[in-house]
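# A predicted structure for the sequence below; I have some questions about it.
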Amino acid sequence: SLSFIMISLGISMILSITLVIRVWSQRQVSGQSALLIAALMIAVLWWTSWYVLEIVTPNAEFKLFCNSVKFVGIAIVPVIWMLFGLHYTGRTQWLSLNRIALLSIIPCITIVMIATNASHHLFWETIGVKDVGSYSVTLSVKGIWFWAHSLYSYVLIMIASFFLFRQFAGSPGLYRRQLFA
């Protein structure tokens, strides 16, 4: 139901803000890891905030705008997660500017594809707003670039998660709790 979704999104926003504040205050001790987690939570907060606005606005045009803008966060979350996974597990040789730029190509193309979708329909073949009972929802038929972006994002998330879980399995208690958190 809509109220469950809104409560879940509100909790996500509160947790994201809390984590940003907490890790930012520990950036002197945690260094790059803290900055990456803060960036990750800011991207999640961006995504969630625009999604909340998309849900609550009755204006169809603004609803579609919010749907598009939330994808900035959606597109960059997997890259930040990968950067965090590489950094936290000591694979820092993969964190050169050239490699970070390479990891960012698909998200950048995705953002451009969304902004220009009306001229090519490669991200969404169709997109619109439909009334469902007392509220309205954004409905779309996904285009080829949506699926390319999704595949890329899930591959990055799975690889980074694999690195972190592998690190988790071999870590002593304190580090295991940090990694779990």
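Yep, it's here. Because the structure is a prediction, the values reported are computed rather than measured.
# For the rest of this, base every contact and every neighbour count on C-alpha atoms.
Fine.
# Which SSE is immediately downstream of the host helix or strand of M113?
Element membership for M113, per DSSP states H and E: helix 97-115. Where DSSP H and E defines the elements, the next helix or strand beyond helix 97-115 is helix 117-120.
# T138 belongs to a strand?
Yes - counting by DSSP: H, G, I helix; E, B strand; the rest coil, T138 is part of a strand.
# separation between S153 and M6?
Going from S153 to M6 by Cα to Cα, to the nearest Å gives 25 Å.
# So for these two, which residue has more residues nearby?
Taking neighbours as other Cα atoms under 10 Å, S153 and M6 compare with S153 leading, 21 against 15.
# right, and that one touches I80 too?
No - look at S153 against I80 with Cα atoms under 8 Å: they stay out of range, at 10.7 Å.
# ok, and what's touching the helix holding M113?
Helix 97-115 is contacted from outside by 68, 71-72, 75-76, 79, 83, 122-123, 145-146, 149, 152, using Cα atoms under 8 Å, 6 or more residues apart in numbering.
# Put together JSON lines for those residues, with neighbour count and secondary structure on each row.
Formatted as JSON lines, the contacts of helix 97-115 follow (neighbours: other Cα atoms under 10 Å; DSSP: H, G, I helix; E, B strand; the rest coil):
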{"residue": "S68", "neighbour count": "17", "secondary structure": "helix"}
{"residue": "F71", "neighbour count": "20", "secondary structure": "helix"}
{"residue": "V72", "neighbour count": "21", "secondary structure": "helix"}
{"residue": "A75", "neighbour count": "23", "secondary structure": "helix"}
{"residue": "I76", "neighbour count": "23", "secondary structure": "helix"}
{"residue": "V79", "neighbour count": "23", "secondary structure": "helix"}
{"residue": "L83", "neighbour count": "24", "secondary structure": "helix"}
{"residue": "L122", "neighbour count": "19", "secondary structure": "coil"}
{"residue": "F123", "neighbour count": "26", "secondary structure": "coil"}
{"residue": "W145", "neighbour count": "19", "secondary structure": "helix"}
{"residue": "F146", "neighbour count": "18", "secondary structure": "helix"}
{"residue": "H149", "neighbour count": "18", "secondary structure": "helix"}
{"residue": "Y152", "neighbour count": "17", "secondary structure": "helix"}
